[in-house]
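Peer 1: Sequence plus predicted model, see below.
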Amino acid sequence: MQLIVTAINKAYASVQAVKQVSFQINSGEIFALLGPNGAGKSSIIRMLVGMTRPDSGSIMISYQDQHYDHVPRRLLGYLPEDRGLYPDKSIEKNLLYLAQLHGLTKAQALTEMDGWLQVFELTERRHDELKQLSKGNQQKVQLIAAVLHQPALVILDEPFSGLDPINQEKVVEFLRQLKARGMTVILSAHQMAMVEKLADHMLLMAHGQVVLAGTLEHIRAQGQSQRQMKVGFAAAVSMEQLQQLSGIASAEALSGHYWLLTLADTVTVALCLQQLLQLAELTQVEMQTADLHQLYLAAMAKHQPGGAV
């Protein structure tokens, strides 16, 4: 399966929700759509699943030599932003009903269900009514419902919503299992640490536009303009001493004799170290690499109204 999105646009009344967005996803990849509320992520998802159409641009999905302009229902597993199950029915009855809507026999549905209930530690609760479950466990049932029919493409809108850290890790493992089964996954999420563990490629959006795109390393190369270094000194060093060095753009005090330093754009690491050694013996030197959360915040700050472009 391959998904190619080319220069799509979508407006609602006077709001331009999506502006010239392009990306490509290949079979078996995990692709993340990232951005604050209102960035355009849900608008893109609605176009992918055929709920709306682009005003311009194109969506092309290729699967087994067939081509489509949205994801066919038989190929799609979808966890929508607005969830919808039957609270007065049991886990098993909910999942059986939804699986049979996708064409599975009862035997096929039960076989798939047994495996996923075990993954999410819900086997002993399969006959409980959904309304008896915590919000987190209801979320797990929703995730199972999205994949029981073994779709080629799974689109998950905020799959970590309502889950504690332990269950977020279970969803990480769930997504890895989908990838291992050859499914392609598109997820929209705010939990940067989870996305960083999973995504092969990602798209960071703001105000309907692409801000950064690619693998984590590509995004880091695009978005990390500042070099940072964590250093430890054998003796106390003051902020005033550090600010006098030409190689240091800024300094943040950490615990003990440790500092987080931002290097000036024009200085080499070697020259910076020479300057630091004039202050005191160094006990630790470690170049810092921005994580996805930091890159995300920096990118969003640049694309706020009035921010740098």
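Peer 2: Done, it's in.

Peer 1: Contacts only, for Thr184.
Peer 2: If you count contacts by C-beta atoms under 8 Å, 6 or more residues apart in numbering, Thr184 has them with Met1, Leu3, Ile25, Asn26, Ser27, Gly28, Glu29, Ile30, Phe31, Ala152, Leu153, Val154. The way it works is simple: take the backbone N, C-alpha and C, and place the C-beta from them, glycine included.

Peer 1: which helices and strands sit right next to the helix or strand containing the second one?
Peer 2: Right, the one you point to is Leu3. With elements taken from DSSP states H and E, the one containing Leu3 is strand 2-12. The elements that strand 2-12 packs onto, with contact taken as 3 or more C-beta pairs under 8 Å, 6 or more residues apart in numbering; DSSP states H and E, are strand 15-26, helix 41-48, strand 56-63.

Peer 1: Sort out which one of the contacts of Thr184 lies nearest Tyr63 for me.
Peer 2: If you rank those by distance to Tyr63 using C-beta to C-beta, Met1 comes first, at 4.7 Å.

Peer 1: how close does that closest one sit to Ser27?
Peer 2: Distance from Met1 to Ser27, counting by C-beta to C-beta, to the nearest Å: 5 Å.

Peer 1: What residues sit buried inside the strand holding Leu3?
Peer 2: Leu3, Val5, Ile8, Lys10 (16 or more other C-beta atoms under 10 Å).

Peer 1: Could you do stretch 227-242 as well?
Peer 2: Within stretch 227-242, the residues that qualify as buried by neighbour count (16+ other C-beta under 10 Å) are Arg227, Gln228, Met229, Val231, Gly232, Phe233, Val237, Leu242.

Peer 1: Spell out the secondary structure type for Leu260.
Peer 2: strand (DSSP: H, G, I helix; E, B strand; the rest coil).

Peer 1: so who does it touch?
Peer 2: The contact partners of Leu260, taken as C-beta under 8 Å, 6+ apart, are Gln228, Met229, Lys230, Ala251, Glu252, Leu254, Gln288.
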